[in-house]
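J.: sequence and predicted model, in that order:
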Amino acid sequence: MTSHAVAFGQKRIPFLLDQKPRKSLKISVMPDLSVAVSAPRSYSLDKVLSKVQRRASWIVRQIDYFKGFMPKQPPRQYVSGETHYYYGRQYRLKVARANRHEIKLKGKYIFVHSSRPESKPRTKRLLYGWYRDRAKQMYSAIARRCFERLEKYGIKMPAIDIKTMRSRWGSCVHKKNKICLNTELIKAPSHCIEYVIMHEMCHLKYPSHTKQFYNFLSLVMPDWQKRKTRLEKVVL
Ligand SMILES: [Zn+2]
């Protein structure tokens, strides 16, 4: 593999090139924002560079996309006094001993009632169980709202899957009419959650990040860029 770069406006796009026995050139933008290019052995470097150059605006769009979808996770201890987020608000964690496991929001606190409050893995499990329950309710309510705006374009209400993903807020399984949403998204404000859901639901009509996709997203959610910018500032 060799390193190269093309320019796009003021931006420089570095990429790793791998030449192997294949028929056509393939460009992949990884969630870590790196760009990998596989090209046939027969291609000269000039040919590779000009082909990558022609896809530069697409590459930049992919990179921008992943930038907004990359939660950074500071290490958490799951102890009393620590700051945690829920639905765009900041809370203090309070871990207390109790016979019954329970999570409660009260004022500025998230109370975690645990039979073993000294066990941080248990506190984390309890908290995330609660996050998932809340996510299930909130995401489907928000998705129904998005669906009302999308229905007339022939989009069907998708199934919603909630899982923990390391580098994405959401994804879309177009063929199964299903969208996957990150559990962590429940920490974001509702208008950001709505943006991610709308984005993924638009993929049911346009699976990849083409111009038509963005035109459609702008039509059904004119202020999506503002929401995306806010989402980039979400602390997990
Ligand atoms: Zn997308």
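T.: Yep, it's here.
J.: going by C-alpha atoms from here, please, whenever you check contacts or count neighbours.
T.: Noted.
J.: what is the least confident helix or strand in the protein?
T.: Every helix and strand of the chain was ranked by mean pLDDT, DSSP states H and E. The lowest is helix 56-68, at a mean of 81.
J.: show me what it is in contact with.
T.: Here helix 56-68 makes contact (C-alpha atoms under 8 Å, 6 or more residues apart in numbering) with 6-8, 13, 29, 31-33, 167-168, 209, 228-229, 231-232.
J.: now for those: which two are most distant?
T.: Spatial extent of the contacts of helix 56-68 (C-alpha to C-alpha) is set by the pair Val6 and Leu231 at 29.0 Å.
J.: neighbour count winner among these two?
T.: Leu231 (24 against 16; other C-alpha atoms under 10 Å).
J.: that one against Cys192, yeah?
T.: Yes. Assessed by C-alpha atoms under 8 Å, Leu231 is found in contact with Cys192 at 5.7 Å.
J.: determine how far the least confident helix or strand of the chain lies from the middle of the whole chain.
T.: 13 Å (C-alpha atoms, centre = their mean, to the nearest Å).
J.: what residues sit buried inside that helix?
T.: For helix 56-68, a neighbour-count test (16 or more other C-alpha atoms under 10 Å) marks Ala56, Trp58, Ile59, Val60, Gln62, Ile63, Tyr65, Phe66, Lys67, Gly68 as buried.
J.: what's the answer for stretch 137-147, then?
T.: Counting neighbours by 16+ other C-alpha under 10 Å, the buried set in stretch 137-147 is Met138, Tyr139, Ser140, Ile142, Ala143, Cys146, Phe147.
J.: same question for stretch 149-169.
T.: Result for stretch 149-169 [16+ other C-alpha under 10 Å]: buried residues Leu150, Ile155, Met157, Pro158, Ile160, Asp161, Ile162, Met165, Ser167, Arg168, Trp169.
J.: what sits against the residue lying farthest from the centre of the chain?
T.: Computed with C-alpha atoms, centre = their mean, the residue of the chain farthest from its C-alpha average is Ser42, at 37.1 Å. By C-alpha under 8 Å, 6+ apart, no residues touch Ser42.
J.: return the distance of it relative to Lys51.
T.: Distance of Ser42 to Lys51, given as C-alpha to C-alpha, to the nearest Å: 14 Å.
J.: state the helix or strand in which the residue lying closest to Val173 once chain neighbours are set aside lies.
T.: Excluding the flanking residues, the one nearest Val173 by C-alpha to C-alpha, 6 or more residues apart in numbering is Ile179, at 5.8 Å. In the assignment (DSSP states H and E), Ile179 maps to strand 178-182.
J.: max-length helix in this protein?
T.: Across the chain, the longest stretch assigned as helix under DSSP state H is helix 120-150.
J.: just checking, what packs against the helix or strand just after that helix?
T.: Once the chain leaves helix 120-150, the next helix or strand it forms, by DSSP H and E, is strand 159-163. Secondary structure elements in contact with strand 159-163, counted by 3 or more C-alpha pairs under 8 Å, 6 or more residues apart in numbering; DSSP states H and E, are helix 120-150, strand 178-182.
J.: out of these, nearest to Met1?
T.: strand 178-182 (33.2 Å).
J.: and the average pLDDT for the closest one is what?
T.: Averaged across strand 178-182, the pLDDT comes to 96.
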